[in-house]
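# starting from these lines, generate the structure:
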Amino acid sequence: MARLHALDPGLVRAELERLREVPVTVEGLLAALVRFADTFGRTDLADAGRWLAAHPPEPSPDVICHGDLHPFNLLADGDRVTVLDWSTALLAPRAHDVGFTSLQLSEPPLRVPGWQRPLVRMFGRVLARRFVRGYQRQAAVTVAPAEVRWHQAVVCLRALTEVASWVHEGTADARAGHPWLINGPVFARRLVPPDRGSRPGPLGGGPDRERRLVEFDGDLGDASAGARRAPGPWCGAGSTTASR
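Have a look, this model is predicted:
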């Protein structure tokens, strides 16, 4: 990731800016997510996108961001690494990629019994912290935690909006086991407004439901008990969720 971010974004900026149908900046991504959420009748997701757009972090230089950097999108051959699937690439602050990868590490999309989930998350968060420290050391930069949290919230919104599109199209059941479906409840809980007396940031709010920007009816529960059909406002009625 550090090697990718060291490349000159000017090499691809002109080509990306010619694209008209896909977002190439975080601002464009948020605008597209709001538009899609409104199309699906998901005012909660659209409002979350508007809130994030109205409360951006301090400006940072753009780099070439992959937008979906995880081990399954990497092919390693000795010291040579090939990065796959550039469909979510953006010109964005480096915190966007750091936020995506650290989020995936800290919230592993694994179906495990409920009693094991805290252990999995604890191990994941250790890996996420190590990843961020290693990235900062290799890139010789410091990425502000508040900026990473904001971009993680954008990633959560992107995932929830994509799932909403699957529900809208009637294809959610065919995607059972997708990481976005497994982590949907976790991502929804992360999209909360800030406490009025604390530092600003989309993830700074309390856990009480009435203050959330995005709602979810259910939790991860004990996945070993199987799935059930239940309405979930984060992805529409009839979504598949883990049994409690």
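# contacts, neighbours, all on C-alpha from now
Will do.
# what is the neighbour count of Trp150?
Neighbourhood size, Trp150 [other CA atoms under 10 Å]: 24.
# doesn't Ala53 make contact with it?
No: using CA atoms under 8 Å, Trp150 makes no contact with Ala53, being 10.2 Å away.
# what's the longest helix along the chain packed up against?
When the chain is parsed with DSSP state H, its longest helix is helix 145-169. Where contact means 3 or more CA pairs under 8 Å, 6 or more residues apart in numbering; DSSP states H and E, helix 145-169 is packed against helix 26-39, helix 43-54, helix 94-106, helix 179-190, strand 236-242.
# hmm, try it at 10 Å
Helix 145-169 sits against helix 26-39, helix 43-54, strand 90-93, helix 94-106, helix 179-190, strand 236-242, with contacts defined as 3 or more CA pairs under 10 Å, 6 or more residues apart in numbering; DSSP states H and E.
# which of these sits closest to Leu119?
In terms of CA to CA, the element of the helices and strands packed on helix 145-169 nearest to Leu119 is helix 94-106, at 11.2 Å.
# and the helix or strand following that closest one, how far from the chain's centre?
Using DSSP states H and E, the helix or strand that directly follows helix 94-106 along the chain is helix 117-139. Distance of helix 117-139 from its chain centroid, counting by CA atoms, centre = their mean, to the nearest Å, is 16 Å.
# now helix 117-139 against helix 145-169, angle please.
120 degrees (axes from the mean of the first three to the mean of the last three CA atoms, to 10 degrees).
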